[in-house]
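J.: Here is my input; please provide its structure:
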Amino acid sequence: MVDFPNKMKAILLTEVGPDFKLENAQIPMPVCCDQEVLVKIEYVGLNGLDAKFAQQGTPCWQYPRVFGLDAVGTVVAGPKGVHPEVGTRVMWHNDIASEGVLSEYVKVPNFALTVLPPDINPAVAASLPTPGMTALIALYKLQLNEGDTVFIEAGNTCVGQLAIQMAKQQGLTVVTTSPKQCKTALKKLGAELVIDDKENDIAEKIQQYFGVDNVQGIIDLSGQNTNKLLELLQFCGRISCVSGLAKLDESLLFMKAPNIGIVSLPGAWLAKSICAQQRMSFLGNVLTDYLQQEQLCLSEKEIIAFDAENIHSALSARMTGTSHFYQVVKVA
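T.: Okay, the predicted model is just below:
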């Protein structure tokens, strides 16, 4: 029988807002219930949701609380006969309503875990759950056919980069926006047309390039330009909204009759849907398959020390838009 310490290191979010605060702490070890396993954390991925919640918080949180959503680690304890077994390396997107993953150990429902094949780099895998699952769900909701055109807003972001590659592998024609300096890199990932994100008339650029100004599907990443993006959509086309739903122009809705899908990873936990939580494990399997087949190219990643100051700096860079790298905290 393994003896575990009574306390462990953790990073606490003590205050949310533009000047959010993180603190190093020692907290009690988690106690597992039925269908939960204890995981020793190796790497934690920082992502756009982390940046959003550090600034805005969420009604289901009380402070201080352990921060972080995406992780890779090794199962070190669990009920007899429960899968994954002790010694298995796993990846997951954590329950938003429970304590986060920026700690040495975490308890996790076993059915939400993805077993990580031994040939996959755990630091790379830790950076994938939130952006990778978001990109997959956004594309699934569009239900596009091979040869259709998809417009992906902000292709330079982590979600955007993954969505471009996944869409290309589905046989879709990809149009995206990004800063000028990212154009060459995004074309290498599979974008057919990369439009400067400062461009005012995106439809005209699409018209000039393809001869048509409508697309079959849109991934709206920011939620700041939804009405403008809907103008690009063909009648009864589909749009996946990743950052919630903006106030929409009713006349535009009447004219386009769009099929609107909302992407929410935290919703699978907040709705207490075991089916949705198990689906996260399935999505994790899809992502690991992509990695094993070398079908995903991830841009440069930052390895961040496991302390409040370094993690705060990394998240601040993501919030200001100065970093679109994959950020990974090395815990053990």
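
J.: So which residues of the protein form helices?
T.: Using DSSP state H, the helices found in the chain span residues 48-56, 122-126, 129-142, 158-169, 183-189, 202-210, 226-230, 250-256, 265-270, 274-292, 308-319.

J.: Could you export those as CSV, including mean neighbour count?
T.: C-beta here means a position set from N, CA and C on the backbone, and glycine is covered the same way. Listed next are these as CSV, based on neighbours: other CB atoms under 10 Å:
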stretch, mean neighbour count
helix 48-56, 19
helix 122-126, 22
helix 129-142, 24
helix 158-169, 25
helix 183-189, 16
helix 202-210, 15
helix 226-230, 19
helix 250-256, 12
helix 265-270, 18
helix 274-292, 17
helix 308-319, 18
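
J.: Which of those helices sits closest to Leu22?
T.: helix 308-319 (4.0 Å; CB to CB).

J.: Can you list the helices and strands that the closest one packs against?
T.: strand 7-15, strand 21-28, strand 36-46, helix 48-56, strand 301-305, strand 326-330 (3 or more CB pairs under 8 Å, 6 or more residues apart in numbering; DSSP states H and E).

J.: looking at these, which is buried most?
T.: strand 36-46 (a mean of 25; mean count of other CB atoms under 10 Å).

J.: just to revisit the earlier point, Gly237: which of the helices and strands packed on helix 308-319 is closest?
T.: It is, among those and with distance given as CB to CB, helix 48-56, at 24.9 Å.

J.: Distance check, His83 against Val115.
T.: 8 Å (CB to CB, to the nearest Å).

J.: So these two - more neighbours on which side?
T.: Neighbours per residue (other CB atoms under 10 Å) separate His83 from Val115, with Val115 holding more: 17 against 12.

J.: Quick check: the more buried one touching Gly87?
T.: No: judged on CB atoms under 8 Å, Val115 makes no contact with Gly87 at a distance of 11.1 Å.

J.: mind listing the strands for the stretch 51-200 of the chain?
T.: 65-66, 70-77, 89-93, 105-109, 114-115, 149-152, 173-178, 193-196 (DSSP state E, counting those that start in this stretch).

J.: For Val331, find the nearest of those strands.
T.: Per CB to CB, nearest to Val331 of the strands of the stretch 51-200 of the chain: strand 70-77, 7.9 Å.

J.: Just checking: what are the partner strands of the closest one?
T.: Looking at strand 70-77 with DSSP bridges, its partner strands are strand 36-46 (antiparallel), strand 89-93 (antiparallel).

J.: what about Ala97, how many neighbours?
T.: 12.

J.: Verify the stated contact: it with Gly267.
T.: No: in terms of CB under 8 Å, Ala97 does not count as a neighbour of Gly267; the distance is 11.1 Å.

J.: Just the pLDDT for Lys301.
T.: The model reports Lys301 with a pLDDT of 82.

J.: Also Ser323?
T.: At Ser323, pLDDT is 65.

J.: One more: Cys33?
T.: 89.

J.: Could you dump the strands paired with strand 70-77 into TSV and include mean pLDDT and distance to Phe151?
T.: Shown next, in TSV, are the strands paired with strand 70-77 (pLDDT from 0 to 100; distance: least, CB to CB, whole Å):
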stretch	mean pLDDT	distance to Phe151
strand 36-46	97	26
strand 89-93	97	26
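
J.: So Ile303 versus Cys297, what's the distance?
T.: 18 Å.

J.: List the contacts of the nearest residue to Arg318 once chain neighbours are set aside.
T.: Nearest residue to Arg318, sequence neighbours excluded (CB to CB, 6 or more residues apart in numbering): Ala51, at 4.6 Å. Taking CB atoms under 8 Å, 6 or more residues apart in numbering as the contact definition, Ala51 lies against 315, 318-319.

J.: again with His83
T.: So His83 contacts Asn110 (CB under 8 Å, 6+ apart).

J.: go on, Leu128?
T.: Contacts of Leu128 (CB under 8 Å, 6+ apart): 45, 70, 91, 162, 287, 291, 298.

J.: before we move on, the earlier item: can you put the helices and strands packed on helix 308-319 in TSV and add distance to Tyr140?
T.: Listed next are these as TSV, based on distance: least, CB to CB, whole Å:
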stretch	distance to Tyr140
strand 7-15	31
strand 21-28	34
strand 36-46	21
helix 48-56	19
strand 301-305	26
strand 326-330	22
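
J.: nearest to Ile206, of those?
T.: helix 48-56 (26.0 Å).
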